[in-house]
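A.B. asks: Okay, predicted coordinates and the sequence, questions at the end:
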Amino acid sequence: MIQYALKCSEGHSFDSWFQSAEAFDKLSAAGMVACAVCGSSKVEKAIMTPRVRPARNAVKQAGEASENKLSDPASAAEQALAELRRKIEANADYVGKDFADEARKIHLGEAPERSIYGEARADEAKALAEEGVPVALLPFVPNRKTN
C-alpha cells in the first residue's frame, strides 16, 4: 500500500491510499480517481514530505524542548482536580470498600467522627443519602492503598 497526497484542478488537497504506484496510474488514467471535496476527476500527485521515524535508540538532543508527560495536569480544570485530590487524600482517611458501613457508623455515632473517602456501589450511596448520611461523589477514583 502507498499513500499519496493528491490535488485536484480546483486546488483541493487530500490524501488517498493505493495498492501500488502502478495501481494509482491505472486508476488515474481511467478517470477513477476523484477529488474527495468537489468530485473532479482531474487529480494529480502533490508534493509530499517523507515520513521519517526517529531511530528506536535515538537520544533526545540536549536543549530540545521536553514534551509534557501524560501524568502532568494540562488544563486548569485538571490542575484543580489534582489539587482537590491532594487535599482529600491529605485530610481524610481512606476506608476502601468499607465506605458505606464506615460512613453509616460515623453518622450514627458508633465510630469517631472524621473525614473519610473510599468506594461504594451506586445502591449503597443512594441508601446513605436516603438515610441522611452526608456523602458526595468524588470526581476521581481513589488510589488503591494496600495497608
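C.D. replies: Yep, it's here.
A.B. asks: Check which element follows the longest helix along the chain along the chain.
C.D. replies: For the chain, the longest helix by residue count, based on DSSP state H, is helix 76-91. Per DSSP states H and E, helix 76-91 leads on to strand 93-96 as the next helix or strand towards the C-terminus.
A.B. asks: In that next one, which residues are buried?
C.D. replies: Neighbour-count burial for strand 93-96, counted by 16 or more other C-beta atoms under 10 Å, picks out Tyr94, Val95. C-beta coordinates here come from the backbone N, C-alpha and C atoms, glycine included.
A.B. asks: Next: stretch 10-19.
C.D. replies: Ser16, Phe18.
A.B. asks: what's in contact with that stretch?
C.D. replies: Residues from elsewhere that reach stretch 10-19 (C-beta atoms under 8 Å, 6 or more residues apart in numbering): 1-8, 24, 27, 33, 35-38, 40, 46.
A.B. asks: what are the ranges of the strands in the chain?
C.D. replies: Counting by DSSP state E, one finds strands in the chain at the ranges 2-8, 13-18, 43-45, 93-96, 116-118.
A.B. asks: The fourth one pairs with which strands, and in what direction?
C.D. replies: This means strand 93-96. strand 116-118 (parallel) (DSSP bridges).
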